[in-house]
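Participant: Quick one, fold the following:
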Amino acid sequence: MPPETAAPLGEFDRIARYFRPLAQGFPGAQGLRDDAAYVTVPPGKELVVTTDAMVAGVHFFPDDAPVLVAGKLLRTNLSDLAAKGAEPLAYSLVTSLPRTLPEAWLAGFASGLAADQAEFGIHLLGGDSTVTDGPITLAISALGLIDAGTAVRRRGAGPGDLVFVTGTIGDSTLGLALARQRKGPVPEEDRQFLLDRFYRPRPRLGLGPVLRAGATASADVSDGLLADLGHIVRESGLVAMIEAERVPLSPPARRMLAAHACTIADLVTGGEDYEVVFTAPPAARAPIMAAAAKAKMTVTEIGTLRPLPAGGGWTDGTGPARLVDVMGRDITPRVAGWQHF
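Facilitator: As a prediction, this is how the structure comes out:
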């Protein structure tokens, strides 16, 4: 991004120009003119709240287009709502931006939010804006609505439950590798598909009916399939056995795997898929698949849950989610996924 002069707008001018239009359509936002927003929860509904942050140089490249940064920030939060079966309602935004950041960046960022608000049916309700001498730091708290008593939590899986996952796994980690390399021996069509999966994740909103068809626990896949499934089974005191051959892969990912440009371990641990992994008893398999077909959503059965071995505890280094090959051999990678610390 070419250097430009610092934006001349003050905090409240920025809010008025770029963020107030994003709050139109949500009365409780008060046009961003109040110290707080007001949210009415309809009778029979519960509020689901999630928060995710992104930092330049950690979650996105400093020279990434701001329209893409905005979309990814909002979509990662919407993925958490999708994993609970919630419908998006509104969100708050916190921006911590360098003093020298050009106004054009802010304009692009706001346009990205506006586009995704229109696509996913959500509005800005408030937030905060600060300055920093460090990297761009952004955070969203997203609110969703769900029928009271129907939320599918991390905890709740049982022995014998099946493991399901939406969409395909590993595309984002391949997209990240291509974004870092900026070039490589990959067909251009595959390259663009994988980059799009990295920059523009698809939150599985509308998954509610599928989860309500019998899911016992769920989580969105942000840190890696094995890592996030591991959260589910650890909370329930179980072990997951995932069959590598059944993990759903996109055609571009399969071609890279066949060309030895990646391994299955890379794909199940890379993270940022923003799919949803969930568990359900065998009796719920047919209702879940029927609900998925009705919702036009791809859902794949990939494994089972088992009780802990005698003596309890999980194998050090592998965690509670295991990967096995077609012969049933344990091929679990030592690191299950992204670790922030």
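
Participant: In the stretch 51-200 of the chain, where is pLDDT below threshold?
Facilitator: For the stretch 51-200 of the chain, residues meeting the criterion pLDDT under 70 lie at 182-184.

Participant: all helices for it, in order.
Facilitator: Assignment of helices within the stretch 51-200 of the chain using DSSP state H, counting those that start in this stretch yields the ranges 66-83, 103-120, 171-181, 188-199.

Participant: in the second one, what counts as buried?
Facilitator: In terms of neighbour count (16 or more other C-beta atoms under 10 Å), helix 103-120 has its buried residues at 103, 105-106, 108-110, 112-114, 116-117, 120. For the C-beta atoms, the positions are set from N, CA and C on the backbone; glycine is no exception.

Participant: With the third one instead?
Facilitator: Of the residues in helix 171-181, 171-179 count as buried by neighbour count, 16+ other C-beta under 10 Å.

Participant: Looking at the residues you listed, which is nearest residue 43?
Facilitator: residue 172 (38.9 Å; C-beta to C-beta).

Participant: Could you measure from residue 238 over to residue 320?
Facilitator: 7 Å (C-beta to C-beta, to the nearest Å).

Participant: Sorry, wrong one. I was asking about residue 84.
Facilitator: Distance from residue 84 to residue 320, by C-beta to C-beta: 21 Å.

Participant: Equivalent analysis for residue 49, please.
Facilitator: Look at residue 49 and residue 320: by C-beta to C-beta, they are 27 Å apart.

Participant: Looking at those two now, which is surrounded by more residues?
Facilitator: Using other C-beta atoms under 10 Å as the criterion, residue 49 and residue 320 rank with residue 320 on top: 23 against 16.

Participant: The more buried one contacts residue 234, doesn't it?
Facilitator: Yes - assessed by C-beta atoms under 8 Å, residue 320 is found in contact with residue 234 at 4.9 Å.

Participant: re earlier: include distance to residue 210 when you put the helices of the stretch 51-200 of the chain into TSV, please.
Facilitator: Conversion of the helices of the stretch 51-200 of the chain to TSV gives the following (distance: least, C-beta to C-beta, whole Å):
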stretch	distance to residue 210
helix 66-83	10
helix 103-120	18
helix 171-181	21
helix 188-199	21
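
Participant: Would you tell me which of these gets closest to residue 212?
Facilitator: The nearest among the helices of the stretch 51-200 of the chain, by C-beta to C-beta, is helix 66-83 at 13.1 Å.

Participant: helices and strands around that closest one, which ones?
Facilitator: strand 45-55, strand 87-98, helix 103-120, strand 137-147, helix 188-199, strand 217-220, strand 276-280 (3 or more C-beta pairs under 8 Å, 6 or more residues apart in numbering; DSSP states H and E).

Participant: where's stretch 135-146 relative to the chain centroid, distance-wise?
Facilitator: Centroid separation for stretch 135-146 versus its chain: 12 Å, with C-alpha atoms, centre = their mean, to the nearest Å.

Participant: what does stretch 128-136 give?
Facilitator: 24 Å.

Participant: mind checking the end-to-end distance for it?
Facilitator: 14 Å (C-alpha to C-alpha, to the nearest Å).

Participant: Could you pull up the residues touching the residue nearest the centre of the chain?
Facilitator: The residue lying closest to the centre of the chain (C-alpha atoms, centre = their mean) is residue 274, at 3.2 Å. Contacts of residue 274 were listed using C-beta atoms under 8 Å, 6 or more residues apart in numbering, and they are 75-76, 79, 172, 201-204, 220-222.

Participant: Swap in 6 Å and give it another go.
Facilitator: Contact analysis of residue 274 by C-beta atoms under 6 Å, 6 or more residues apart in numbering lists 79, 201.

Participant: What are the phi and psi values at it?
Facilitator: With angles defined as degrees, to the nearest 10, residue 274 sits at phi 50, psi 40.

Participant: ok, residues contacting stretch 128-139?
Facilitator: Stretch 128-139 is contacted from outside by 11, 53-57, 73, 94-97, 99, using C-beta under 6 Å, 6+ apart.

Participant: end-to-end on that stretch?
Facilitator: 10 Å.

Participant: next one: stretch 269-288
Facilitator: First residue to last in stretch 269-288 (C-alpha to C-alpha) measures 26 Å.
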